[in-house]
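Asks: task: produce atomic coordinates for the following.
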Amino acid sequence: QQVVCVSKGVEADFREYYAYKNNNLSTIYNPVLDNAYFEKLKAPVTHKFLNDDHKVILAVGRLTEAKNFCFLIHSFKALHDQHADTRLIILGEGELRSELEALIAQLNLTDVVDLPGFDTNPYAYFKYASLFVLSSNWEGLPGVLIQALASKVKVVSTNCPSGPMEILENSKFGLLVECNDQAGLTQAMQQAIFADYVQYQEADFEAHIQQFHKQTVLKQYLRMMESAS
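Replies: Okay, here's the model as predicted:
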């Protein structure tokens, strides 16, 4: 029998945590990209921040401790102090809403940070955003980071366990910062929007992103089943 992990980081943790010595362990990524996803990207969205006057930073996820949106809001405050045209939208719902709203008010960001709640199609926002940020403390394989990357929006992510390092191939396809490094995240957001973002070859990008396509993943599972039978 085969044991499949959703990321190489999860696979490494699994080996270490269970002192796992068998060689029936492999990584196959979640199939987060398919034709339906690329259709969802095209849907129109209206929001008061989405206009030519603003540089909009987008974050997506449940309003929970793991997503560490307090860290993002603090880092955004420092960016906004330097660049008054920046805005932050955090899409999602969760138990920390009132805490995040209080922080936004405390930092005098009420007019420039919005928590619109859960949206069934957060991907439609990508095309209007200047930047997508993943600020998590931990993940398994953050599908939304892959989806943002595939939409060609610029991305900044924490180098949290696990997934972002693999998804961005050691900062080749986006910027990585350490968890809770507030100055680091502010600087990375500033760099991505206003200075030199990463440069890469289109062919390298296409080959990399192919790993997360449904067709690729199905083939990998099929190959695994055939070799096991």
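Asks: okay, CA-based contacts and neighbour counts for the rest of this
Replies: Will do.
Asks: residues contacting the residue nearest the centre of the chain?
Replies: Taking C-alpha atoms, centre = their mean, the centroid of the chain lies closest to Leu145, which sits 2.7 Å from it. For Leu145, the contacting residues are Leu134, Val155, Pro164, Ile167, by C-alpha atoms under 8 Å, 6 or more residues apart in numbering.
Asks: most surrounded residue in these?
Replies: The most crowded member of those is Pro164, carrying 30 neighbours; neighbours defined as other C-alpha atoms under 10 Å.
Asks: that residue reaches Ser157, doesn't it?
Replies: Yes. If you go by C-alpha atoms under 8 Å, Pro164 and Ser157 touch, sitting 6.7 Å apart.
Asks: anything in contact with each of these two?
Replies: Common neighbours of Pro164 and Ser157 (C-alpha under 8 Å, 6+ apart) are Leu176.
Asks: so which of the contacts of Leu145 sit within helices?
Replies: Those of the contacts of Leu145 mapping onto helices are Pro164, Ile167, per DSSP state H.
Asks: max pairwise distance over the contacts of Leu145: which two?
Replies: The span of the contacts of Leu145, defined through C-alpha to C-alpha, is set by Leu134 and Ile167 at 11.9 Å.
Asks: which parts of the protein are strands?
Replies: Counting by DSSP state E, one finds strands in the chain at the ranges 3-5, 25-27, 55-60, 86-91, 113-117, 131-134, 155-158, 175-177.
Asks: export the ones you listed as CSV, with columns for mean pLDDT.
Replies: Output for the strands of the chain, formatted as CSV (pLDDT from 0 to 100):
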stretch, mean pLDDT
strand 3-5, 92
strand 25-27, 91
strand 55-60, 98
strand 86-91, 98
strand 113-117, 98
strand 131-134, 98
strand 155-158, 98
strand 175-177, 98
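Asks: can you add distance to Val198 and give those back as TSV?
Replies: Below are the strands of the chain laid out as TSV (distance: least, C-alpha to C-alpha, whole Å):
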stretch	distance to Val198
strand 3-5	29
strand 25-27	27
strand 55-60	17
strand 86-91	20
strand 113-117	26
strand 131-134	13
strand 155-158	10
strand 175-177	7
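Asks: so which of these is nearest Ile209?
Replies: When those are compared for distance to Ile209 using C-alpha to C-alpha, the nearest one is strand 155-158, at 14.0 Å.
Asks: going by neighbour count, list what's buried in stretch 171-181.
Replies: Within stretch 171-181, the residues scored as buried using 16 or more other C-alpha atoms under 10 Å are Ser171, Lys172, Phe173, Gly174, Leu175, Leu176, Val177, Cys179, Asn180.
Asks: now do stretch 194-210
Replies: Within stretch 194-210, the residues scored as buried using 16+ other C-alpha under 10 Å are Tyr197, Phe205, His208, Ile209.
Asks: closest to Ala59 out of those residues?
Replies: Nearest to Ala59 among the buried residues of stretch 194-210, with distances taken as C-alpha to C-alpha, is Tyr197, at 18.4 Å.
Asks: so what's the closest one closest to, chain neighbours aside?
Replies: Leaving aside its sequence neighbours, Tyr197 sits nearest to Gln191 (C-alpha to C-alpha, 6 or more residues apart in numbering; 6.3 Å).
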